[in-house]
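Participant: Give me a 3D structure for the following:
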Amino acid sequence: MKRRITEIIIISILLLGIMLPFLGKPFQADDIFYIETAKAIVQDPFRPFSFIINWGDVPASGFGVLNPPLFSYFLAPVWDKWGASEIPLHLVALLFAFSAVLSFYFLCRELDIRPLIPTLVFLSVPFLAVGTNLMLDTPVLGLAIPAVLFFVAGVNREKLWPLIVSGVLLSAAVLTKYSTLALFVPLFLYPLLSKKPAHILPFVIGFTVFLLWNIYCMYVYGKPHFMNSNFVGQYNIYVFFFNPFVIMMIIGMTLPYAVLVIQRGFALNLSFLCGIETGFFSFMLLNKSIESLMNSILTGAGVFLGLYLLLYVSSQIKLKKVRGYFAILNDHVFIFMTLWIVMIIIMELFFTPNITFRNVIFMYPALIILMFKYSGFSKIKAKKMYIAIGCMLMIHIALAYADLQYAQTYKNAAESLRQKYNDRTVWYLGHYGWQYYANAAGFHQWSKLNRVGKGDIVIIPQNVFKQRLTNELKDQLRKIESLTYELSWLPIRSHGSLSHGGFYTSAITYPTYALSFKPLEVIDIYEVVK
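Facilitator: Numbers count the residues shown, from 1 in each chain. Presented below is the predicted three-dimensional model:
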């Protein structure tokens, strides 16, 4: 008992240490979606998507958001009381982070895995401190991991109430983010393998709630919400050829513990070859600078380590035959975790608009469990593991700080430009956190439906997703200044086309985090002269 309490205290202190310094981070990336949903819930809790938002080229209904609104129901009372205050809203995400990490600790115990090191590995993945955003990835982990924990506890103890709790948590997770649907397959197949019908209860509860939610959307909005987005299902040859390598890159860059188990052989040769080819291909697509070379090496190293990790864990599975069947097929935990990973990869490849670390992280609990339950990672000396975990924690903190500074640029820019051009009509292009702070500054969001006037100011950040500029507007603009935001002493970047950081949207040319001395952001200011 004392050991367990000590381990929980260590984990809690580390989690607070990497998250508390970033609770004041300005709103970033998709945060504005969930803020707008929370505001709509305050006005009418039964119509959470009853708002208009410009998240593309023209304003559109909030119903086009990719995911369901449950997390915004947690944000709504906080928003109603404290309004546009970053820290209170981010504290909600902190609670879900605690739920995810501590639930993973107890899940390892339930599966007879010594839990401290696997939990520290999960904690060290450079995600949680960056994930203090108001996006759904931390909340869904904070609901899905305890759902699996209660499921395993109910199966192990043959008790009904943990299975019911698991179903409730699973329902909450699927109403938070549709990535949870990846768990439906193992939760459906597990009772068939165990031949115990009661084990299907969490699946039945979760699937029923999922159906009821979409029926409710049919009644309120005229169509089901799932698969509603125009992005879903849009895939091409790039998906089939490149995205598997992107997923391996993400794993290798954020879970690089393969360096501790590398051995000579076919797996090493194949992984090294794939890493070299991917790095070379990435470099050829970039601008051939020294910085591009560094990030291409980083991309190739990620593919190498990610592929080797997957091959190593797979090779450690003992495929002994018993009565004509592989014995591992009777290991329901192995099948559950493997299906969890496979379903996330399938969903990421075919049902999301782009590959993101934020989505891939949902399979990490299962992957880490396979690493420590079925392969040689449990035999690595603790000292080596702690050194590797410490290195990853440093990358974690550095990336979180860079992301904090990147988010801060938009808040600072909106405030300074508001003061400078308070006597002019100001338009802006761009989305994400910049959109939130530009709106708060009283700027007008431009779309091709709007017409600007002579003497107006138009602000266009270079490093953020934005509306497509029309030729008509281009001909009316004259650049009058640029604002450049630097982070010259820290060469790590989380996001953006200037530095090719890919924490929020990864690709062969956008590693999960990039090495770069490029500016965090350059914001161009134009005057309308025609």
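Participant: Let me see the contact set for the residue nearest to Val246 when sequence neighbours are not counted.
Facilitator: Leaving aside its chain neighbours, Val246 sits nearest to Ile355 (4.5 Å; criterion: C-beta to C-beta, 6 or more residues apart in numbering). C-betas here are computed from N, CA, C, even on glycine. Ile355 makes contacts with 243, 246-247, 250, 348, 505-507, as judged by C-beta atoms under 8 Å, 6 or more residues apart in numbering.
Participant: Run the chain-centre distance for stretch 302-316.
Facilitator: Here stretch 302-316 is found 22 Å from its chain centre; the criterion is C-alpha atoms, centre = their mean, to the nearest Å.
Participant: now stretch 195-213: mean pLDDT?
Facilitator: Mean per-residue pLDDT for stretch 195-213: 89.
Participant: now swap in stretch 46-56 and tell me
Facilitator: So the average pLDDT for stretch 46-56 ends up being 82.
Participant: What residues sit buried inside that stretch?
Facilitator: 48-51, 53-55 (16 or more other C-beta atoms under 10 Å).
Participant: Same question for stretch 333-346.
Facilitator: In stretch 333-346, counting by 16+ other C-beta under 10 Å, buried: 333-341, 343-344.
Participant: Distance from the chain centre to it, please.
Facilitator: Centroid displacement of stretch 333-346 relative to its chain, using C-alpha atoms, centre = their mean, is 18 Å.
Participant: now do stretch 257-267
Facilitator: 27 Å.
Participant: And the contacts of that stretch?
Facilitator: Contacts of stretch 257-267 (C-beta under 8 Å, 6+ apart): 121, 252, 268, 305-306, 308-309, 311-312, 315, 371, 375-377, 380, 384-385, 388.
Participant: do that again at 6 Å, thanks
Facilitator: 305, 308-309, 311-312, 376, 380, 384, 388 (C-beta atoms under 6 Å, 6 or more residues apart in numbering).
Participant: TSV please, covering those residues and showing pLDDT and neighbour count.
Facilitator: Converted to TSV, the contacts of stretch 257-267 look like this (pLDDT from 0 to 100; neighbours: other C-beta atoms under 10 Å):
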residue	pLDDT	neighbour count
Leu305	94	24
Tyr308	93	26
Leu309	92	26
Leu311	90	17
Tyr312	88	22
Gly376	82	15
Ile380	89	16
Lys384	92	12
Ala388	93	19
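Participant: Out of the residues you listed, which two sit at the greatest distance?
Facilitator: Leu311 and Lys384 (20.5 Å; C-beta to C-beta).
Participant: thinking again about what came up before, closest to Arg114 out of the contacts of stretch 257-267?
Facilitator: So of those, ranked by how close each gets to Arg114 (C-beta to C-beta), first place is Ile380, at 11.8 Å.
Participant: what sits against that closest one?
Facilitator: Counting by C-beta under 6 Å, 6+ apart, Ile380 touches Leu260.
Participant: now Leu429
Facilitator: 446, 460, 466-467.
Participant: How about it: what's its closest non-neighbour residue?
Facilitator: Per C-beta to C-beta, 6+ apart, closest to Leu429 is Lys466, 4.4 Å.
Participant: Give me the secondary structure label for the one you found.
Facilitator: coil (DSSP: H, G, I helix; E, B strand; the rest coil).
Participant: ok, and the closest non-adjacent residue to the most centrally placed residue in the chain?
Facilitator: Closest residue to the average C-alpha location of the chain: Arg358 at 1.3 Å, with C-alpha atoms, centre = their mean. Distances taken as C-beta to C-beta, 6+ apart put Asp137 closest to Arg358, at 4.4 Å, once the chain neighbours are dropped.
Participant: now do Gly433
Facilitator: Gln28 (4.3 Å).
Participant: isn't the one you found right up against Thr132?
Facilitator: No. Checked against C-beta atoms under 6 Å, the pair Gln28 and Thr132 is beyond contact range at 8.9 Å.
Participant: Quick check: the gap between Leu183 and Val342.
Facilitator: 12 Å (C-beta to C-beta, to the nearest Å).
Participant: for Tyr73, same thing?
Facilitator: For Tyr73, the distance to Val342 - C-beta to C-beta - is 31 Å.
Participant: what do you get for Leu15?
Facilitator: 29 Å.
Participant: Equivalent analysis for Ala382, please.
Facilitator: 31 Å.
Participant: For the host helix or strand of Leu149, buried residues please.
Facilitator: Using DSSP states H and E, Leu149 falls within helix 137-157. Judged by neighbour count using 16+ other C-beta under 10 Å, the buried positions of helix 137-157 are 137-155.
Participant: Then stretch 522-530?
Facilitator: 522-528.
Participant: same check, this time on stretch 287-300
Facilitator: In stretch 287-300, counting by 16+ other C-beta under 10 Å, buried: 291-292, 294-300.
Participant: Identify, from the residues you listed, the entry nearest to Phe272.
Facilitator: Gly300 (9.2 Å).
Participant: Including secondary structure, pLDDT and distance to Gly62, could the buried residues of stretch 333-346 go into TSV?
Facilitator: Converted to TSV, the buried residues of stretch 333-346 look like this (DSSP: H, G, I helix; E, B strand; the rest coil; pLDDT from 0 to 100; distance: C-beta to C-beta, whole Å):
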residue	secondary structure	pLDDT	distance to Gly62
Val333	helix	83	40
Phe334	helix	85	41
Ile335	helix	85	39
Phe336	helix	89	35
Met337	helix	90	36
Thr338	helix	89	37
Leu339	helix	90	33
Trp340	helix	92	30
Ile341	helix	92	32
Met343	helix	90	28
Ile344	helix	89	26
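Participant: Mind listing the strands the helix or strand encompassing Val458 pairs with, and their directions?
Facilitator: For Val458, the element it lies in under DSSP H and E is strand 457-461. Applying DSSP bridges, strand 457-461 is found paired with strand 426-428 (parallel), strand 521-528 (antiparallel).
Participant: out of these, which comes closest to Ile41?
Facilitator: Per C-beta to C-beta, nearest to Ile41 of these: strand 426-428, 26.5 Å.
Participant: Need the residues that contact whatever helix or strand comes next after the closest one.
Facilitator: Using DSSP H and E, the helix or strand that follows strand 426-428 in sequence is helix 432-440. Helix 432-440 is contacted from outside by 26-29, 32, 407, 410-411, 414, 428, 461, 464, using C-beta under 6 Å, 6+ apart.
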